[in-house]
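Enquirer: I need the structure of the sequence given here:
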Amino acid sequence: EGARDGEGAAWSRTVQFHQDFYDNLIRHALPVDIRAARAFSGSARKLDLLFWVGYRLRALQRPLRLTWTNLHGQFGAENACIRSFRQAFKTDIAHLCEVFPKLPIALDDGGMTLQPADPGMLLVPPRKGIRKAPAGKDAAA
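Expert: Okay, here's the model as predicted:
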């Protein structure tokens, strides 16, 4: 049974994966740091990039090179013009790299290269040196 959006298009309530794809997802399951997801909660594309990079890092054995055309096909649904997509994508990747500065991503005029790396680099480091004051105690005491 499908639900309808405001324009009348039917949406299925279930998703069915091809068995090979499902098996691949299970083999390369990606633990998600909820704090990392919250950092990008205002942007579906940034969340998509975060999860995609994490998934790719788990599976990569050698560098992955993607052209701007490849990237546009994967992530550029709302940008008909590849030029505007490229600028938006660069901004989104820069934001990911601000949060995760060791991401092995290189952008150039031809596209993007993603190097194999530990997907643990997508975990937010725990805060150090910050403690809560004990309950019921005066902070000045």
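
Enquirer: figure out the helix or strand that the residue nearest the centre of the chain lives in.
Expert: Central residue of the chain (Cα atoms, centre = their mean): Leu50, 1.1 Å from the mean position. Take DSSP states H and E as the rule and Leu50 turns out to sit in helix 44-59.

Enquirer: low-confidence ranges, the chain, go.
Expert: 1-11, 28, 79, 124-141 (pLDDT under 70).

Enquirer: which helix runs longest in it?
Expert: helix 82-99 (DSSP state H).

Enquirer: what's downstream of that one, the next helix or strand?
Expert: Next along from helix 82-99, by DSSP H and E: strand 105-108.

Enquirer: list the buried residues in that following strand.
Expert: Within strand 105-108, the residues that count as buried by 16 or more other Cβ atoms under 10 Å are Ile105, Leu107. C-beta: built from backbone N, CA, C; applies to glycine.

Enquirer: adjacent strands (with direction) for it?
Expert: Strand 105-108 sits in its sheet next to strand 111-114 (antiparallel), going by DSSP bridges.

Enquirer: which residues are contacting the strand it pairs with?
Expert: 53, 56-57, 60, 63-71, 93, 104-106 (Cβ atoms under 8 Å, 6 or more residues apart in numbering).

Enquirer: distance between the ends of stretch 49-69?
Expert: Stretch 49-69 has an end-to-end distance of 16 Å (Cα to Cα, to the nearest Å).

Enquirer: what distance separates it from the centre of its chain?
Expert: On the basis of Cα atoms, centre = their mean, to the nearest Å, stretch 49-69 is displaced by 10 Å from the centre of the chain it belongs to.

Enquirer: what's next to that stretch, contact-wise?
Expert: By Cβ under 8 Å, 6+ apart, stretch 49-69 touches 24, 28-30, 32, 36-37, 40, 74-75, 82, 85-86, 92-93, 96, 103-105, 110-119, 121-122.

Enquirer: give the buried residues for that stretch.
Expert: Buried residues in stretch 49-69 (16+ other Cβ under 10 Å): Leu49, Leu50, Phe51, Val53, Gly54, Tyr55, Arg56, Leu57, Arg58, Leu60, Leu66, Trp68.
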